[in-house]
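all I have is the shape, not the residue letters:
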């Protein structure tokens with residue numbers, strides 16, 4: 001971590017006089033409350049339109065490979081690759 005000199009300039013502190021006026025705060029509150037009411041109304045309409053419960057999620061169809069044990073496939077493919085490499089070594093050597 002580098003060492004820097006101490007900041008000696010004027011610091012910008014919070015100035016309440018630059019904050020919102022009471023009228024602006026009241027207007028913001030009215031607009032925010034109206035937006036919240038509109039969101040609640042839209043959600044209520046969507047629930048009535050689509051129903052409370054959506055279609056249930058269907059279970060995926062199991063693949064046939066799931067019925068075979070994985071270790072058997074691993075042993076078979078390992079032996080095939082081993083035999084292939086053995087044949088390659090025999091033919092090149």
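That came through fine. None of the values given here were measured: they were computed from a predicted structure.

for the host helix or strand of residue 37, packing partners?
Element membership for residue 37 (DSSP states H and E) is helix 22-50. Using 3 or more C-beta pairs under 8 Å, 6 or more residues apart in numbering; DSSP states H and E as the contact test, no helix or strand touches helix 22-50. For glycine as for every other residue, the C-beta is placed from the backbone atoms N, C-alpha and C.

just say helix, strand or coil for the spatially most central residue of the chain.
Central residue of the chain (C-alpha atoms, centre = their mean): residue 57, 19.7 Å from the mean position. Taking DSSP: H, G, I helix; E, B strand; the rest coil as the rule, one finds residue 57 in the coil state.

any idea of the pLDDT on it?
The model reports residue 57 with a pLDDT of 76.

what's the answer for residue 72, then?
pLDDT for residue 72: 85.

got phi/psi on residue 19?
For residue 19, the backbone dihedrals (degrees, to the nearest 10) come out as phi -80, psi -180.

check contacts around it.
Residue 19 makes contact with no residue, according to C-beta atoms under 8 Å, 6 or more residues apart in numbering.

swap the cut-off to 10 Å and go again
residue 25 (C-beta atoms under 10 Å, 6 or more residues apart in numbering).
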